[in-house]
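Asker: Next come a sequence and a model predicted from it.
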Amino acid sequence: MEQRKVRVRFAPSPTGALHMGGMRTALYNYLFAKQHGGDFILRIEDTDSNRFVPGAEEYIIECLKWCGVMPDEGVDENGKVVETPSEKHPHAPYRQSQRKPLYRQYAEELVKNGFAYYAFDTPEEIDAVRKEYEATGRTFIYNHTNRMNFKTSLNMDQSEVERRLREENHWTVRFKNPQDRVIKMHDLIRGDIEMNTSTLDDKVLWKAADQLPTYHLANIVDDHLMEVTHVIRGEEWLPSLPLHYMLYEAFGWQDTQPEFAHLSLLLKPDGKGKLSKRDGDRLGFPVFPLRWTAPSGEVSRGYREDGYYPEAFVNLIALLGWNPGIEQELFSLEELTKLFALERVIKSGARFNPDKAKWFNQEYLRRRTDKQLAQEFRPLLREHGIRDEQFSDCYVETVVSLIKERAHFVNEFWDLSSFFFEAPSEYDSAAKKKHWKEEMIPAVKEVAALVIASDDFSAEHLEHLIHNHIEQNALPMGKIMNMLRISLVGASKGPGVANIIALIGKEEFERRINKALC
RNA sequence: GCUGGGUUCGUCUAACGGUUAGGACUCAAGAUUUUCAUUCUUGCAAUAGGGGUUCGAUUCCCCUACCCAGUACCA
């Protein structure tokens, strides 16, 4: 086989918000494509009109954009799915619903060559048979064992078939699954897999009712037409891999059949089963990259809105089920692109750990400059009624430098630093109970007076000044400092007292001390 | 049920068939400190069970258990 340019695709259905597991699949596709200098394609698999959810497609693209893994093909510069072919997007349209006319000929080709047949039973009729099987404790599989009992082109006259094809509009094309054939498959992550076709069913490939293919047909046809070389998708597709192998064979496309890699699923942090939207609500973390408002009006939180940096989010999902085998844990998208290897993707499902997710964000937050953090903090300050002109950039940057070590997210900054912007309106009762000693008030007043008398208001000098005084007068350091802190902050928290005094300035210091001590 | 996939500390994971089974998150303790944090140090904690193969098994094979997925005219 000649070396083909690597082409991978991410092919979501627009049936709702993109789950973080889906985002991880997209990420791995992107990393694989970029590592091999290949193309990353987006294709929308909307062959089930009943499950279409407005806004889902835009949402998915927005997620890819936020994570910095925009496809090369299938989406234009404006983030719209491409509908007409061009040099950059030669296989348009990239929405399967718009490729509708294309699939029927492929389905018919399979019938013509004996790999598929027309089936005329309605879903209700088949369902009735299924129930009958179940009632007698048998497993119903629509395949060689019973297909001759149904109304199909395999057991009726050509003229009857043609009449029904013409007059009825609920028939389907089904794959004629062979009996007792062992399909040998290969998965880039799992290695060799074998499956006997006898356990498989005659899957519907095309439906006359809506003139659309099902996933299996559309997927194989489009991957072939779009020259996809590697299919990296979720584990839920592994059971249909033999069907896909047989379809490539039936079409005579084995030479260009893509390689497959099936990714394990993301599991809930506790209990059993795969991670779902409900777990996020229940355990208090997002399962979607971005906030999602369902058509019902129900809102689900997103990593972006919860304050995660996209770099942190990408980093954490990249490491959920893959690692490069070195002890480093923080990687940029570029590093991930260099290091990624399908061979190192973990076969078992990864349980998501919200604590570790927070840790990743904290690490990225620490890597930001004070200037960047101050800028990110401004909108929050405005929300709390602090206008930009009230405090200089320099002031906000200094505040940030003093409190950032304590935060996992920028959205924690206000709680950590509000006292730099406004005087405490009340004093934390627990802190007061623990540290507030009436008998020490005169001593605290003495220290305050000393501070007010100082011309040098640098943190270093103030620190020196206060410490010297306390030591020389043999005063209790802890008591004095904590009372000063409560007076200034209103609680038992925050950076060094001297730092706080230096930043809020003499006048504000005096005001707060007077209020607290009298 | 059937078919397929999977199973190393609580979690994410590392370990050419030879390691005191390593790291990270969480948690605990100690040190530092004027508070809360940070930081540093230390600690707790795992090869699902049973058989083989082998001088030697987390690693290879088999069985059992458990988990996950699929079993739709959904993807």
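Answerer: Sure, I can see it.
Asker: how about low-confidence regions in chain A?
Answerer: With pLDDT under 70 as the threshold, chain A has low-confidence stretches at A:1-2.
Asker: Quickly list the domain ranges of it.
Answerer: A:7-94+A:265-318, A:98-263, A:369-413, A:429-517 (automatic domain parsing).
Asker: got the ones you listed as a markdown table, with mean neighbour count and distance to RNA strand B columns?
Answerer: The way it works is simple: take the backbone N, C-alpha and C, and place the C-beta from them, glycine included. Formatted as a markdown table, the domains of chain A follow (neighbours: other C-beta atoms under 10 Å; distance: least, C-beta to the nearest atom of the strand, whole Å):
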| stretch | mean neighbour count | distance to RNA strand B |
| --- | --- | --- |
| domain A:7-94+A:265-318 | 19 | 3 |
| domain A:98-263 | 17 | 3 |
| domain A:369-413 | 16 | 3 |
| domain A:429-517 | 16 | 3 |
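Asker: how about residue A:254, what does it touch?
Answerer: By C-beta atoms under 8 Å, 6 or more residues apart in numbering, the contact list for residue A:254 reads residue A:248.
Asker: Quick check: phi and psi on it?
Answerer: phi -60, psi -30 (degrees, to the nearest 10).
Asker: swap in residue A:496?
Answerer: According to degrees, to the nearest 10, residue A:496 has phi -60, psi 140.
Asker: ok now do it, which residues does it touch?
Answerer: Residue A:496 neighbours (C-beta under 8 Å, 6+ apart): A:459, A:463.
Asker: which SS state does residue A:394 fall under?
Answerer: With DSSP: H, G, I helix; E, B strand; the rest coil as the basis, residue A:394 sits in helix.
Asker: related to what we said a few turns ago, nearest to residue A:347, out of the domains of chain A?
Answerer: Closest approach to residue A:347 among the domains of chain A is made by domain A:98-263 (6.0 Å; C-beta to C-beta).
Asker: Residue A:342 touches residue A:32, doesn't it?
Answerer: Yes: look at residue A:342 against residue A:32 with C-beta atoms under 8 Å: they come within range, at 6.7 Å.
Asker: any idea how far the closest residue to residue A:104 other than its chain neighbours lies from residue A:105?
Answerer: Among residues not flanking residue A:104 along the chain, residue A:206 sits closest, at 6.5 Å (C-beta to C-beta, 6 or more residues apart in numbering). Distance, residue A:206 to residue A:105, by C-beta to C-beta, to the nearest Å: 10 Å.
Asker: what's the answer for residue A:211, then?
Answerer: 12 Å.
Asker: returning to what we had before: what do residue A:342 and residue A:32 both touch?
Answerer: residue A:232.
Asker: Assess the claim that residue A:488 and residue A:510 are in contact.
Answerer: No: using C-beta under 8 Å as the test, residue A:488 is too far from residue A:510 to be in contact (11.0 Å).
Asker: how long is stretch A:29-41 from one end to the other?
Answerer: In stretch A:29-41, first residue to last residue: 9 Å (C-alpha to C-alpha, to the nearest Å).
Asker: Off-centre distance for that stretch?
Answerer: 18 Å (C-alpha atoms, centre = their mean, to the nearest Å).
Asker: quick one, strands of chain A?
Answerer: Remark: strands assigned in chain A by DSSP state E are A:7-10, A:39-42, A:116-119, A:172-175, A:182-187, A:191-196, A:204-207, A:212-213, A:230-234, A:259-263, A:266-267, A:292-293, A:299-300, A:350-351.
Asker: can you redo those as a markdown table with distance to residue A:323?
Answerer: Rendered in a markdown table, the data for the strands of chain A read as follows (distance: least, C-beta to C-beta, whole Å):
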| stretch | distance to residue A:323 |
| --- | --- |
| strand A:7-10 | 21 |
| strand A:39-42 | 22 |
| strand A:116-119 | 43 |
| strand A:172-175 | 39 |
| strand A:182-187 | 19 |
| strand A:191-196 | 19 |
| strand A:204-207 | 39 |
| strand A:212-213 | 38 |
| strand A:230-234 | 17 |
| strand A:259-263 | 14 |
| strand A:266-267 | 15 |
| strand A:292-293 | 29 |
| strand A:299-300 | 29 |
| strand A:350-351 | 10 |
